[in-house]
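# Could you look at this predicted model? Sequence included:
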Amino acid sequence: MKEWIVGFGLMCLIVPLAVFGYLLIVVFGFTGRRHRVRAGVRAMDHFVNATVFNGYAWESVSSHAWRERDNKKWAKRVIAFTDYFQLDHCRRANKREQPIIDLVLQKGLEKQTIK
């Protein structure tokens with residue numbers, strides 16, 4: 001119950017900030033602050049992976065799709081879509097992110113912290 005209350009409170013604070021962050025991404029995308037846009041889009045990518053695709057919060061949709069390419073239909077579609085823009089994008093993303101995933105799982109950082 002304590003985790004639920006803290007999580008709900010954080011969500012109430014973070015969601016409005018996330019909407020504000022999205023608006024900043026749009027503004028910075030037009031004004032040339034590309035590094036900030038790139039960081040924001042990566043964070044949104046991880047958010048979508050964790051919430052929509054039931055993946056790890058520290059992994060992109062592309063890397064997750066590569067890991068699940070033999071098990072999930074959506075993963076094959078993501079790979080085909082990203083290959084249209086950059087060949088082997090998902091494989092490269094997974095190669096870059098898999099050591100982070102392994103480290104987080106090894107250290108147990110995915111486990112519940114508020115009990």
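Okay, I see it. Numbering: from 1, shown residues only.
# Select the longest helix from this structure.
The helix that spans the most residues within the chain, counting by DSSP state H, is helix 2-31.
# following the lowest-mean-pLDDT helix or strand in the chain, which helix or strand comes up?
In the chain, the helix or strand scored least confidently by mean pLDDT, DSSP states H and E is helix 2-31, which has a mean of 90. Downstream of helix 2-31, the next assigned helix or strand under DSSP states H and E is helix 34-51.
# What mean pLDDT does that next one get?
The average pLDDT for helix 34-51 rounds to 93.
# Please export the C-alpha coordinates of the helix or strand just after that helix as PDB.
Heading C-terminal from helix 34-51, the first helix or strand you meet, by DSSP H and E, is helix 61-67. Taking C-alpha atoms only, helix 61-67 is exported to PDB below (Å, rounded to 0.1, in the frame of the first residue of the first chain):
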ATOM      1  CA  VAL A  61      11.700  -0.200 -27.600                       C
ATOM      2  CA  SER A  62      14.200  -1.000 -30.400                       C
ATOM      3  CA  SER A  63      16.400  -3.000 -28.000                       C
ATOM      4  CA  HIS A  64      13.400  -4.800 -26.500                       C
ATOM      5  CA  ALA A  65      12.100  -5.600 -30.000                       C
ATOM      6  CA  TRP A  66      15.400  -7.200 -30.900                       C
ATOM      7  CA  ARG A  67      15.400  -9.400 -27.700                       C
END
